[in-house]
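Trainee: Take this sequence and fold it.
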Amino acid sequence: MSNPGIMSYNGFINYCYADAASMFLSAYGIEAPSGRLEVLSGISLLGAHRLSEPDCEKLYLSLVPDPSRLDRAFSLLGHGAERENATEPLEALRRGLEHGPVLVGPMDMGALRYFPYHQHANGADHYVVAYAVEGDSVRVHDPMGYPFATVSVEHFLDGWRGEELPCPGPPFHMWTRPRAGRPAGDAEVFDAALSWFEEIRQSTPNGAEVIQGYADDLEADRLSPRSQSFMTIFLLPSQARRCLDYAQFFGEGGARELAERKFTQGRLMGESLQAGNKGNWKQVATLLREYADIEDELSSRPFG
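Mentor: As a prediction, this is how the structure comes out:
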C-alpha cells in the first residue's frame, strides 16, 4: 500500500542499536535498513520508564533494548546471526573477527574515550561494530558519528563489561557470522510483526501514568537542566523518528488507524523538541500528556 501522507525521515538521530546492527549486516551483503530493524525489535512500540541519576531524571519512551529483541527483528526479516556472551571476551572477539566485523553491545558509553563527553555518559548503553584488534587497540565503527574510531583494549573491555548499565545483563555480549535466510514476503513480515507487537502489548505495563508523572514534574519545574537537556538531545528527536518509522510500517501494511496514532505521537515529539529548545517546558508537558493519552489507547487495544 502506498503511503503518500507519511514521509520517511533521513538524518542524524541516535539510533545506535539499529544503526550498528544495520552496519553489521551490510558487511556480509545483507541489506536491512535501520528504521525497519528498530520497528521490528519492538523497542519503542509501547512502554515508558524513568531512570534516576545524579542531577538527572531521565524519561525513556521505550522498552530496554535487550539483545533478544534484535534477534527477533533479524528473525522476522528471515536473517540470523550467532550470538554469545563471551567468557573470554578478547579471545572471543578475535575469533569472531576472523569471519568479519562483530556487533558488540550493550556497552557503557562512558568507557569509550573517543567521545569528547565520555565522562558524562557513564551508564548509557551503546552498540558498536568492531572490525579489527590491532595491538592494544580495538577499531570500531560507532553509529554516533565516529567511523574508524579507535579505543584501547582496556577501555573497550571496561565498557563491554557494562557493570554500571542501569539494566545490566550477562557481560561481553556480541553477534558474529550473520546469515541471510529466505526473504519473507512483505505481508508475511507484517503479519508476524503484528503477532510480536501483541506479545509486547500483553507483557508491557501501560506507560501512560509514568509519562503523566514526568509531565507533572516538568510543568512544576522539578527537573534539573541536565534532565531537560537529555530530552532535547536524545529523547524527543529519537522518539519522533521512532514513531514515524512505526507509522510508515503500519501504513505500508494497511493498518491506517495504527499509522495515524504513531504519526501523531511522532508529531507531538517533534513539536516538543521545538518547545524544549525554546525553554517552554510547560508546553512540552502539555504535549507529553497528549502523547500519554495515545499510549494509553494503544496499550488497551489488541494489535491485529
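
Trainee: going forward, measure contacts and count neighbours with C-alpha atoms only.
Mentor: OK.

Trainee: Validate this expectation: residue 116 resides in a helix.
Mentor: No. Assignment of residue 116 by DSSP: H, G, I helix; E, B strand; the rest coil gives coil, placing it outside any helix.

Trainee: What distance do you get for it to residue 109?
Mentor: Distance of residue 116 to residue 109, given as C-alpha to C-alpha, to the nearest Å: 11 Å.

Trainee: out of those two, which sits in the busier spot?
Mentor: For residue 116 versus residue 109, neighbours defined as other C-alpha atoms under 10 Å are more numerous around residue 109 (26 against 9).

Trainee: for that one, what are its contacts?
Mentor: 118, 121, 122, 123, 124, 125, 126, 159 (C-alpha atoms under 8 Å, 6 or more residues apart in numbering).

Trainee: Likewise for residue 100?
Mentor: By C-alpha under 8 Å, 6+ apart, the residues touching residue 100 are 27, 28, 131, 176, 177.

Trainee: I'd like to know how many residues surround the second one.
Mentor: Put plainly, it is residue 28. 15.

Trainee: and what of the last one?
Mentor: Using other C-alpha under 10 Å as the criterion, residue 177 is surrounded by 19 other residues.

Trainee: quick one: it is in a helix?
Mentor: No. Counting by three-state DSSP, residue 177 is not part of a helix but strand.

Trainee: thought it was touching residue 95?
Mentor: No. Judged on C-alpha atoms under 8 Å, residue 177 makes no contact with residue 95 at a distance of 10.8 Å.

Trainee: Rounded mean pLDDT for the longest helix that the chain contains, please.
Mentor: When the chain is parsed with DSSP state H, its longest helix is helix 256-277. Helix 256-277 shows a mean pLDDT of 97 in the predicted model.

Trainee: for that helix, which positions count as buried?
Mentor: Residues of helix 256-277 classed as buried by neighbour count (16 or more other C-alpha atoms under 10 Å): 258-276.

Trainee: Map the structural domains onto the sequence of the chain.
Mentor: 16-31+64-180, 204-300 (automatic domain parsing).

Trainee: Tell me where the stretch 101-250 of the chain has strands.
Mentor: In the stretch 101-250 of the chain, the segments counted as strands under DSSP state E, counting those that start in this stretch are 102-108, 125-134, 137-142, 146-152, 173-180.
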